[in-house]
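Participant: Need the 3D shape of this:
(chains A and B)
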Amino acid sequence: MKLGRALVWLASGAVLMLVFAAYLRPDVAMTLADQLWSCF
Amino acid sequence: MKQVLICGALIVTLSMGIRHGFGLWLQPVTMDRGWTRETFALAIAIQNLSWGIAGPFAGALSDRFGAFRVLIVGALFYAAGLIFMGLSTSAIGFMGSAGLLLGMAQSGTTYAVVYGVIGRNVAANKRSWAMGVTAAAGSFGQFLMVPVENGLINGVGWQYALFILGLAALAIVPLAFGLKEPAVVAPKGPQQSMKAAVREAFSHPSFLLLMAGYFVCGFQVVFIGVHMPSYLKDHGLTPNVATTALALIGLFNVFGTYAAGTLGERLPKRYILSAIYALRAVAITVFISVPLTPWSVYVFASVMGFLWLSTIPPTNAVIAQIFGVKYLSMLGGFVFLSHQVGSFLGAWLGGRLYNMTGSYDVVWWIAVALGVFAALVNLPVKEQAIVRAQPAPA
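Facilitator: Reported below is the predicted structural model:
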(Lines give C-alpha, C1' and ligand atoms only; values in the text may rest on other atoms or scores of the structure.)
Protein backbone atom coordinates (compact mmCIF):
# COMPACT_ATOMS: atom_id res chain seq x y z
CA MET A 1 0.00 0.00 0.00
CA LYS A 2 2.78 2.38 0.99
CA LEU A 3 4.77 1.38 -2.11
CA GLY A 4 1.72 1.93 -4.33
CA ARG A 5 1.16 5.37 -2.84
CA ALA A 6 4.83 6.25 -3.26
CA LEU A 7 4.68 5.19 -6.90
CA VAL A 8 1.59 7.36 -7.50
CA TRP A 9 3.38 10.38 -5.98
CA LEU A 10 6.52 9.61 -7.99
CA ALA A 11 4.57 9.30 -11.25
CA SER A 12 2.64 12.51 -10.49
CA GLY A 13 5.89 14.33 -9.80
CA ALA A 14 7.41 13.07 -13.03
CA VAL A 15 4.39 14.19 -15.08
CA LEU A 16 4.44 17.63 -13.46
CA MET A 17 8.15 18.00 -14.21
CA LEU A 18 7.61 16.96 -17.84
CA VAL A 19 4.85 19.54 -18.26
CA PHE A 20 7.01 22.17 -16.59
CA ALA A 21 9.81 21.35 -19.01
CA ALA A 22 7.38 21.80 -21.92
CA TYR A 23 6.85 25.43 -20.90
CA LEU A 24 10.57 26.12 -21.10
CA ARG A 25 10.97 25.05 -24.75
CA PRO A 26 11.99 28.22 -26.60
CA ASP A 27 9.13 28.09 -29.14
CA VAL A 28 6.51 27.58 -26.42
CA ALA A 29 8.09 30.22 -24.22
CA MET A 30 7.88 32.88 -26.91
CA THR A 31 4.26 32.10 -27.84
CA LEU A 32 3.17 32.12 -24.22
CA ALA A 33 4.95 35.33 -23.36
CA ASP A 34 3.48 37.02 -26.40
CA GLN A 35 -0.07 35.73 -26.36
CA LEU A 36 -1.32 33.69 -23.47
CA TRP A 37 -0.84 36.12 -20.64
CA SER A 38 -3.02 38.69 -22.34
CA CYS A 39 -6.07 36.51 -21.82
CA PHE A 40 -5.00 34.54 -18.74
CA MET B 1 -16.53 7.37 -3.62
CA LYS B 2 -13.55 6.43 -5.78
CA GLN B 3 -15.67 6.56 -8.95
CA VAL B 4 -17.09 9.99 -8.08
CA LEU B 5 -13.63 11.29 -7.32
CA ILE B 6 -11.95 9.93 -10.47
CA CYS B 7 -14.73 10.99 -12.84
CA GLY B 8 -15.13 14.38 -11.14
CA ALA B 9 -11.39 15.01 -11.28
CA LEU B 10 -11.19 14.07 -14.97
CA ILE B 11 -14.16 16.27 -15.84
CA VAL B 12 -12.66 19.28 -14.10
CA THR B 13 -9.24 18.56 -15.66
CA LEU B 14 -10.85 18.80 -19.09
CA SER B 15 -13.19 21.71 -18.43
CA MET B 16 -10.66 23.91 -16.63
CA GLY B 17 -7.80 22.85 -18.88
CA ILE B 18 -9.39 23.53 -22.26
CA ARG B 19 -10.40 27.10 -21.39
CA HIS B 20 -7.12 28.04 -19.81
CA GLY B 21 -5.17 28.37 -23.04
CA PHE B 22 -7.70 30.47 -24.97
CA GLY B 23 -5.25 33.36 -25.04
CA LEU B 24 -3.17 31.31 -27.47
CA TRP B 25 -5.86 31.84 -30.10
CA LEU B 26 -5.71 35.63 -29.84
CA GLN B 27 -3.12 36.17 -32.53
CA PRO B 28 -4.20 33.57 -35.12
CA VAL B 29 -7.91 34.39 -34.79
CA THR B 30 -7.50 38.17 -34.98
CA MET B 31 -5.09 37.90 -37.90
CA ASP B 32 -7.24 35.45 -39.88
CA ARG B 33 -10.53 37.22 -39.24
CA GLY B 34 -9.20 40.77 -39.36
CA TRP B 35 -10.55 41.60 -35.90
CA THR B 36 -8.93 43.77 -33.24
CA ARG B 37 -7.56 42.42 -29.99
CA GLU B 38 -10.44 44.19 -28.30
CA THR B 39 -12.98 41.97 -30.08
CA PHE B 40 -11.19 38.85 -28.87
CA ALA B 41 -10.72 40.23 -25.35
CA LEU B 42 -14.39 41.23 -25.17
CA ALA B 43 -15.43 37.67 -26.06
CA ILE B 44 -13.23 36.33 -23.24
CA ALA B 45 -14.68 38.93 -20.84
CA ILE B 46 -18.22 37.87 -21.85
CA GLN B 47 -17.20 34.24 -21.30
CA ASN B 48 -16.04 34.99 -17.75
CA LEU B 49 -19.17 36.96 -16.87
CA SER B 50 -21.44 34.38 -18.49
CA TRP B 51 -19.66 31.66 -16.49
CA GLY B 52 -20.30 33.57 -13.28
CA ILE B 53 -23.91 34.53 -14.01
CA ALA B 54 -24.91 31.08 -15.27
CA GLY B 55 -23.22 29.44 -12.25
CA PRO B 56 -26.10 29.67 -9.75
CA PHE B 57 -28.59 28.49 -12.42
CA ALA B 58 -26.43 25.54 -13.47
CA GLY B 59 -25.95 24.72 -9.79
CA ALA B 60 -29.69 24.94 -9.09
CA LEU B 61 -30.49 22.68 -12.06
CA SER B 62 -27.82 20.28 -10.91
CA ASP B 63 -29.21 20.14 -7.37
CA ARG B 64 -32.75 19.70 -8.71
CA PHE B 65 -32.31 17.35 -11.68
CA GLY B 66 -28.92 15.75 -11.09
CA ALA B 67 -25.39 16.82 -11.89
CA PHE B 68 -24.94 14.27 -14.64
CA ARG B 69 -27.69 15.86 -16.77
CA VAL B 70 -26.18 19.32 -16.35
CA LEU B 71 -22.73 17.92 -17.13
CA ILE B 72 -23.98 16.33 -20.34
CA VAL B 73 -25.65 19.55 -21.49
CA GLY B 74 -22.53 21.47 -20.41
CA ALA B 75 -20.30 19.13 -22.42
CA LEU B 76 -22.50 19.55 -25.51
CA PHE B 77 -22.39 23.34 -25.06
CA TYR B 78 -18.61 23.11 -24.64
CA ALA B 79 -18.17 21.12 -27.86
CA ALA B 80 -20.59 23.36 -29.78
CA GLY B 81 -18.94 26.51 -28.41
CA LEU B 82 -15.49 25.38 -29.50
CA ILE B 83 -16.65 24.32 -32.95
CA PHE B 84 -18.58 27.55 -33.55
CA MET B 85 -15.63 29.51 -32.18
CA GLY B 86 -13.62 27.98 -35.01
CA LEU B 87 -16.32 28.63 -37.61
CA SER B 88 -17.46 32.13 -36.61
CA THR B 89 -16.67 34.71 -39.22
CA SER B 90 -18.49 37.61 -37.57
CA ALA B 91 -17.61 39.30 -34.31
CA ILE B 92 -21.15 38.74 -33.01
CA GLY B 93 -20.92 35.02 -33.77
CA PHE B 94 -17.57 34.88 -32.00
CA MET B 95 -18.99 36.61 -28.91
CA GLY B 96 -21.90 34.17 -28.90
CA SER B 97 -19.72 31.06 -29.22
CA ALA B 98 -16.40 31.89 -27.53
CA GLY B 99 -18.18 34.20 -25.08
CA LEU B 100 -21.71 33.24 -24.13
CA LEU B 101 -21.84 29.55 -25.05
CA LEU B 102 -18.46 28.61 -23.61
CA GLY B 103 -19.16 30.58 -20.44
CA MET B 104 -22.41 28.67 -19.95
CA ALA B 105 -20.59 25.42 -20.74
CA GLN B 106 -18.03 26.13 -18.07
CA SER B 107 -20.72 26.85 -15.48
CA GLY B 108 -22.14 23.39 -16.17
CA THR B 109 -18.88 21.44 -16.14
CA THR B 110 -16.70 22.95 -13.43
CA TYR B 111 -16.38 23.01 -9.66
CA ALA B 112 -19.83 24.02 -8.45
CA VAL B 113 -21.62 21.19 -10.27
CA VAL B 114 -19.00 18.53 -9.51
CA TYR B 115 -18.66 19.59 -5.86
CA GLY B 116 -22.38 19.07 -5.31
CA VAL B 117 -21.96 15.38 -6.11
CA ILE B 118 -18.76 15.09 -4.09
CA GLY B 119 -20.48 16.77 -1.16
CA ARG B 120 -23.33 14.28 -1.25
CA ASN B 121 -21.20 11.19 -1.79
CA VAL B 122 -18.09 11.68 0.30
CA ALA B 123 -18.12 11.41 4.10
CA ALA B 124 -18.12 14.83 5.78
CA ASN B 125 -14.69 14.24 7.33
CA LYS B 126 -13.17 13.48 3.91
CA ARG B 127 -15.04 16.16 1.96
CA SER B 128 -12.40 18.88 2.08
CA TRP B 129 -9.70 16.42 0.99
CA ALA B 130 -11.88 15.18 -1.89
CA MET B 131 -12.53 18.77 -2.98
CA GLY B 132 -8.80 19.40 -2.80
CA VAL B 133 -8.10 16.42 -5.06
CA THR B 134 -10.66 17.66 -7.59
CA ALA B 135 -9.36 21.23 -7.46
CA ALA B 136 -5.80 19.94 -7.90
CA ALA B 137 -7.00 18.03 -10.97
CA GLY B 138 -8.45 21.28 -12.37
CA SER B 139 -5.19 23.06 -11.63
CA PHE B 140 -3.29 20.26 -13.36
CA GLY B 141 -5.61 20.59 -16.37
CA GLN B 142 -4.76 24.29 -16.60
CA PHE B 143 -1.07 23.55 -16.28
CA LEU B 144 -1.12 20.71 -18.82
CA MET B 145 -3.31 22.13 -21.54
CA VAL B 146 -1.36 25.30 -22.28
CA PRO B 147 1.62 23.55 -23.93
CA VAL B 148 -0.73 20.92 -25.42
CA GLU B 149 -2.90 23.59 -27.06
CA ASN B 150 0.17 25.46 -28.24
CA GLY B 151 1.34 22.24 -29.91
CA LEU B 152 -2.11 21.69 -31.47
CA ILE B 153 -2.28 25.19 -32.95
CA ASN B 154 1.21 24.85 -34.40
CA GLY B 155 0.55 21.31 -35.61
CA VAL B 156 -2.91 21.44 -37.20
CA GLY B 157 -3.82 25.14 -37.23
CA TRP B 158 -6.04 27.12 -34.91
CA GLN B 159 -9.37 26.00 -36.37
CA TYR B 160 -8.68 22.26 -36.31
CA ALA B 161 -7.17 22.68 -32.85
CA LEU B 162 -10.57 23.99 -31.70
CA PHE B 163 -12.41 21.12 -33.39
CA ILE B 164 -10.12 18.58 -31.68
CA LEU B 165 -10.73 20.25 -28.34
CA GLY B 166 -14.47 20.16 -29.09
CA LEU B 167 -14.20 16.39 -29.44
CA ALA B 168 -12.13 16.22 -26.25
CA ALA B 169 -14.87 18.14 -24.41
CA LEU B 170 -17.33 15.41 -25.41
CA ALA B 171 -15.33 13.00 -23.22
CA ILE B 172 -17.15 14.70 -20.33
CA VAL B 173 -20.37 12.93 -21.46
CA PRO B 174 -19.34 9.36 -20.51
CA LEU B 175 -17.53 10.65 -17.44
CA ALA B 176 -20.77 12.37 -16.32
CA PHE B 177 -22.38 8.96 -15.87
CA GLY B 178 -19.81 8.31 -13.16
CA LEU B 179 -21.46 11.15 -11.24
CA LYS B 180 -24.99 9.88 -11.70
CA GLU B 181 -26.64 9.77 -8.29
CA PRO B 182 -29.47 7.41 -7.37
CA ALA B 183 -32.85 9.09 -7.09
CA VAL B 184 -33.32 10.14 -3.49
CA VAL B 185 -36.64 9.36 -1.85
CA ALA B 186 -37.59 12.56 -0.09
CA PRO B 187 -38.20 12.07 3.60
CA LYS B 188 -41.70 12.73 4.84
CA GLY B 189 -42.59 16.21 5.98
CA PRO B 190 -41.85 19.66 4.62
CA GLN B 191 -38.57 20.11 2.77
CA GLN B 192 -36.51 23.23 2.38
CA SER B 193 -37.27 24.81 -0.97
CA MET B 194 -34.63 26.25 -3.27
CA LYS B 195 -35.96 29.75 -2.66
CA ALA B 196 -35.77 29.22 1.10
CA ALA B 197 -32.20 27.93 0.75
CA VAL B 198 -31.18 31.08 -1.13
CA ARG B 199 -32.91 33.29 1.42
CA GLU B 200 -31.29 31.39 4.27
CA ALA B 201 -27.81 31.67 2.75
CA PHE B 202 -28.06 35.37 1.98
CA SER B 203 -29.30 36.14 5.49
CA HIS B 204 -26.42 34.16 7.04
CA PRO B 205 -23.46 36.48 7.77
CA SER B 206 -20.90 33.71 7.14
CA PHE B 207 -22.15 33.17 3.59
CA LEU B 208 -21.76 36.88 2.87
CA LEU B 209 -18.27 36.87 4.39
CA LEU B 210 -17.27 33.90 2.22
CA MET B 211 -18.61 35.72 -0.83
CA ALA B 212 -16.56 38.79 0.11
CA GLY B 213 -13.43 36.65 0.44
CA TYR B 214 -14.01 34.94 -2.90
CA PHE B 215 -14.48 38.35 -4.56
CA VAL B 216 -10.96 39.22 -3.39
CA CYS B 217 -9.64 35.90 -4.70
CA GLY B 218 -10.98 36.69 -8.17
CA PHE B 219 -9.66 40.25 -8.08
CA GLN B 220 -6.12 39.28 -7.09
CA VAL B 221 -5.74 36.25 -9.35
CA VAL B 222 -7.04 37.95 -12.48
CA PHE B 223 -5.23 41.23 -11.84
CA ILE B 224 -1.95 39.34 -11.54
CA GLY B 225 -2.80 37.01 -14.41
CA VAL B 226 -3.70 39.76 -16.84
CA HIS B 227 -1.36 42.57 -15.85
CA MET B 228 1.76 40.84 -14.57
CA PRO B 229 3.43 40.47 -18.00
CA SER B 230 3.01 44.19 -18.69
CA TYR B 231 4.35 44.97 -15.23
CA LEU B 232 7.42 42.81 -15.89
CA LYS B 233 7.87 44.32 -19.33
CA ASP B 234 7.63 47.87 -17.93
CA HIS B 235 10.48 46.97 -15.59
CA GLY B 236 12.67 45.66 -18.37
CA LEU B 237 12.37 41.92 -17.74
CA THR B 238 12.45 39.53 -20.69
CA PRO B 239 9.43 37.55 -21.96
CA ASN B 240 11.16 34.34 -20.83
CA VAL B 241 10.87 35.50 -17.24
CA ALA B 242 7.10 35.95 -17.70
CA THR B 243 6.75 32.47 -19.20
CA THR B 244 8.76 30.80 -16.45
CA ALA B 245 6.61 32.67 -13.93
CA LEU B 246 3.48 31.31 -15.64
CA ALA B 247 4.86 27.77 -15.50
CA LEU B 248 5.74 28.15 -11.81
CA ILE B 249 2.26 29.46 -10.99
CA GLY B 250 0.76 26.44 -12.78
CA LEU B 251 3.05 23.95 -11.07
CA PHE B 252 2.65 25.27 -7.54
CA ASN B 253 -1.08 25.74 -8.03
CA VAL B 254 -1.45 21.94 -8.22
CA PHE B 255 0.31 21.50 -4.88
CA GLY B 256 -1.48 24.42 -3.26
CA THR B 257 -5.02 23.30 -4.07
CA TYR B 258 -4.28 19.75 -2.87
CA ALA B 259 -2.62 21.01 0.31
CA ALA B 260 -5.51 23.36 1.12
CA GLY B 261 -8.03 20.55 0.71
CA THR B 262 -5.97 18.17 2.85
CA LEU B 263 -5.45 20.78 5.56
CA GLY B 264 -9.20 21.29 5.65
CA GLU B 265 -9.52 17.85 7.22
CA ARG B 266 -7.43 18.93 10.18
CA LEU B 267 -7.90 22.68 10.66
CA PRO B 268 -10.88 25.02 10.75
CA LYS B 269 -11.38 26.16 7.17
CA ARG B 270 -11.81 29.80 8.16
CA TYR B 271 -8.23 29.80 9.44
CA ILE B 272 -6.98 28.22 6.21
CA LEU B 273 -8.79 30.84 4.13
CA SER B 274 -7.64 33.66 6.36
CA ALA B 275 -4.04 32.41 6.13
CA ILE B 276 -4.23 32.15 2.33
CA TYR B 277 -5.42 35.74 1.94
CA ALA B 278 -2.96 37.04 4.55
CA LEU B 279 -0.07 35.26 2.83
CA ARG B 280 -1.13 36.70 -0.52
CA ALA B 281 -1.06 40.19 1.00
CA VAL B 282 2.41 39.54 2.45
CA ALA B 283 3.69 38.04 -0.81
CA ILE B 284 2.49 41.01 -2.87
CA THR B 285 3.90 43.52 -0.35
CA VAL B 286 7.32 41.85 -0.41
CA PHE B 287 7.24 41.51 -4.21
CA ILE B 288 6.58 45.17 -4.85
CA SER B 289 8.94 46.32 -2.10
CA VAL B 290 12.10 44.45 -3.08
CA PRO B 291 14.11 45.19 -6.24
CA LEU B 292 12.56 43.39 -9.22
CA THR B 293 14.82 40.63 -10.55
CA PRO B 294 14.06 37.36 -12.35
CA TRP B 295 14.52 35.51 -9.06
CA SER B 296 12.15 37.78 -7.14
CA VAL B 297 9.59 37.08 -9.89
CA TYR B 298 10.16 33.30 -9.64
CA VAL B 299 9.80 33.27 -5.86
CA PHE B 300 6.66 35.42 -6.08
CA ALA B 301 5.20 33.22 -8.84
CA SER B 302 5.86 30.07 -6.80
CA VAL B 303 4.28 31.50 -3.64
CA MET B 304 1.29 32.96 -5.50
CA GLY B 305 0.94 29.73 -7.47
CA PHE B 306 0.69 27.81 -4.22
CA LEU B 307 -2.06 30.21 -3.10
CA TRP B 308 -3.67 30.59 -6.57
CA LEU B 309 -6.78 28.34 -6.50
CA SER B 310 -6.23 27.02 -2.99
CA THR B 311 -9.25 28.99 -1.80
CA ILE B 312 -11.61 26.72 -3.76
CA PRO B 313 -11.64 23.57 -1.56
CA PRO B 314 -12.00 25.29 1.84
CA THR B 315 -14.60 27.79 0.56
CA ASN B 316 -16.83 25.09 -0.89
CA ALA B 317 -16.24 22.67 1.98
CA VAL B 318 -17.29 25.27 4.53
CA ILE B 319 -20.47 26.04 2.57
CA ALA B 320 -21.31 22.32 2.65
CA GLN B 321 -20.53 22.24 6.36
CA ILE B 322 -22.82 25.17 7.21
CA PHE B 323 -25.72 24.70 4.81
CA GLY B 324 -25.60 21.00 4.04
CA VAL B 325 -25.20 19.42 0.64
CA LYS B 326 -28.71 19.53 -0.78
CA TYR B 327 -28.19 22.86 -2.55
CA LEU B 328 -24.40 22.89 -2.50
CA SER B 329 -23.98 23.39 -6.26
CA MET B 330 -26.36 26.35 -6.34
CA LEU B 331 -24.79 28.04 -3.30
CA GLY B 332 -21.33 27.34 -4.70
CA GLY B 333 -22.52 28.99 -7.93
CA PHE B 334 -23.54 32.14 -6.05
CA VAL B 335 -20.18 32.37 -4.31
CA PHE B 336 -18.43 31.85 -7.62
CA LEU B 337 -20.45 34.69 -9.15
CA SER B 338 -18.87 36.96 -6.55
CA HIS B 339 -15.46 35.58 -7.60
CA GLN B 340 -16.15 36.46 -11.21
CA VAL B 341 -17.22 40.00 -10.37
CA GLY B 342 -13.90 40.36 -8.56
CA SER B 343 -12.13 38.89 -11.61
CA PHE B 344 -13.78 41.40 -13.91
CA LEU B 345 -12.78 44.30 -11.65
CA GLY B 346 -9.23 42.97 -11.27
CA ALA B 347 -8.78 42.92 -15.03
CA TRP B 348 -10.55 46.20 -15.73
CA LEU B 349 -9.42 48.28 -12.76
CA GLY B 350 -5.82 47.18 -13.34
CA GLY B 351 -5.92 48.75 -16.80
CA ARG B 352 -7.99 51.75 -15.77
CA LEU B 353 -5.78 52.78 -12.85
CA TYR B 354 -2.66 52.15 -14.92
CA ASN B 355 -3.95 54.61 -17.51
CA MET B 356 -4.85 57.13 -14.83
CA THR B 357 -1.63 56.95 -12.79
CA GLY B 358 0.93 55.61 -15.23
CA SER B 359 1.86 52.66 -13.03
CA TYR B 360 0.44 49.56 -11.36
CA ASP B 361 1.46 50.72 -7.87
CA VAL B 362 -2.03 51.76 -6.77
CA VAL B 363 -3.59 48.49 -7.93
CA TRP B 364 -0.90 46.40 -6.24
CA TRP B 365 -1.67 48.20 -2.97
CA ILE B 366 -5.41 47.71 -3.52
CA ALA B 367 -4.65 43.99 -3.94
CA VAL B 368 -2.71 44.05 -0.64
CA ALA B 369 -5.51 45.91 1.17
CA LEU B 370 -8.09 43.49 -0.21
CA GLY B 371 -5.93 40.57 0.94
CA VAL B 372 -5.87 41.94 4.48
CA PHE B 373 -9.62 42.59 4.27
CA ALA B 374 -10.31 39.01 3.10
CA ALA B 375 -8.03 37.57 5.79
CA LEU B 376 -10.02 39.46 8.42
CA VAL B 377 -13.52 38.76 7.10
CA ASN B 378 -12.91 35.02 6.97
CA LEU B 379 -11.98 34.85 10.67
CA PRO B 380 -15.52 35.31 12.06
CA VAL B 381 -17.03 32.71 9.69
CA LYS B 382 -19.06 30.27 11.79
CA GLU B 383 -18.50 26.76 10.47
CA GLN B 384 -21.19 25.08 12.56
CA ALA B 385 -24.02 23.45 10.64
CA ILE B 386 -27.11 25.60 10.56
CA VAL B 387 -29.92 24.37 12.79
CA ARG B 388 -33.28 24.54 11.05
CA ALA B 389 -36.53 24.67 12.95
CA GLN B 390 -38.53 21.45 12.45
CA PRO B 391 -42.25 22.00 11.97
CA ALA B 392 -44.36 20.38 14.66
CA PRO B 393 -46.11 17.16 13.52
CA ALA B 394 -49.77 17.57 12.65
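
Participant: What parts of chain B come near chain A?
Facilitator: B:21-24, B:26-27, B:37, B:40-41, B:44, B:140, B:143-144, B:146-147, B:150, B:154, B:222, B:225-226, B:228-229, B:239-240, B:242-244, B:246-247, B:250-251, B:254 (C-beta under 8 Å from any C-beta of the partner chain). Backbone N, C-alpha and C define where each C-beta goes, glycine included.

Participant: residue contacts, the closest residue to residue B:275 other than its chain neighbours?
Facilitator: In space, not counting the residues next to it along the chain, residue B:275 is nearest to residue B:375; the distance is 7.5 Å by C-beta to C-beta, 6 or more residues apart in numbering or on different chains. Residue B:375 makes contact with B:274, B:275, B:277, B:278, B:281 under the criterion C-beta atoms under 8 Å, 6 or more residues apart in numbering or on different chains.

Participant: would you list those in CSV and tack on neighbour count, secondary structure and distance to residue A:21?
Facilitator: Shown next, in CSV, are these (neighbours: other C-beta atoms under 10 Å in any protein chain shown; DSSP: H, G, I helix; E, B strand; the rest coil; distance: C-beta to C-beta, whole Å):
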residue, neighbour count, secondary structure, distance to residue A:21
B:274, 21, helix, 36
B:275, 18, helix, 31
B:277, 24, helix, 32
B:278, 18, helix, 33
B:281, 21, helix, 32
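
Participant: which one of the residues you listed is nearest residue B:50?
Facilitator: For the contacts of residue B:375, the residue nearest residue B:50 by C-beta to C-beta is residue B:277; the value is 26.8 Å.

Participant: Let me know whether that closest one touches residue B:216 as I believe.
Facilitator: Yes. Applying C-beta atoms under 8 Å, one finds residue B:277 in contact with residue B:216, separated by 6.4 Å.

Participant: Common neighbours of the two, please.
Facilitator: Common neighbours of residue B:277 and residue B:216 (C-beta under 8 Å, 6+ apart) are B:371, B:374.

Participant: ok, and what's touching the lengthiest helix in chain A?
Facilitator: If you go by DSSP state H, chain A has its longest helix at helix A:2-23. Contacts to helix A:2-23, defined as C-beta under 8 Å, 6+ apart, come from residues A:28-29, A:32, B:140, B:143-144, B:146-147, B:243-244, B:246-247, B:250-251, B:254.

Participant: And stretch B:77-88, by the same measure?
Facilitator: In contact with stretch B:77-88 (C-beta under 8 Å, 6+ apart) are residues B:15, B:18, B:25, B:33, B:93-94, B:96-98, B:101-102, B:104-106, B:108-109, B:158-160, B:162-163, B:165-167, B:169-170, B:172.

Participant: which stretches of the stretch 251-394 of chain B have low pLDDT?
Facilitator: B:390-394 (pLDDT under 70).

Participant: what about 80?
Facilitator: Residues of the stretch 251-394 of chain B meeting the criterion pLDDT under 80: B:388-394.

Participant: Do a quick rundown of the helices in it.
Facilitator: For the stretch 251-394 of chain B, the helices defined by DSSP state H, counting those that start in this stretch cover B:269-289, B:294-307, B:312-323, B:328-357, B:361-378.

Participant: Highest average neighbour count across these: which stretch is it?
Facilitator: helix B:312-323 (a mean of 27; mean count of other C-beta atoms under 10 Å in any protein chain shown).

Participant: Now do the longest helix seen in chain B, average pLDDT.
Facilitator: Identified as the longest helix of chain B according to DSSP H is helix B:124-156. Averaging pLDDT along helix B:124-156 gives 89.

Participant: Taking their axis directions, it and helix B:269-289 sit at what angle?
Facilitator: Using axes from the mean of the first three to the mean of the last three C-alpha atoms, to 10 degrees, the inter-axis angle of helix B:124-156 relative to helix B:269-289 is 40 degrees.

Participant: So which elements touch helix B:124-156?
Facilitator: helix A:2-23, helix A:26-34, helix B:2-20, helix B:111-121, helix B:158-169, helix B:239-263, helix B:312-323 (3 or more C-beta pairs under 8 Å, 6 or more residues apart in numbering or on different chains; DSSP states H and E).

Participant: looking at these, which is closest to residue B:197?
Facilitator: Of all those, helix B:312-323 comes closest under C-beta to C-beta, at 7.1 Å.

Participant: center of chain A, which residue is that?
Facilitator: Most central in chain A under C-alpha atoms, centre = their mean is residue A:19, positioned 2.2 Å from the mean C-alpha point.

Participant: how is chain B carved up into domains?
Facilitator: Domains of chain B are assigned by automatic domain parsing as B:1-176, B:194-381.

Participant: Let me see the mean pLDDT of stretch A:31-40.
Facilitator: 61.
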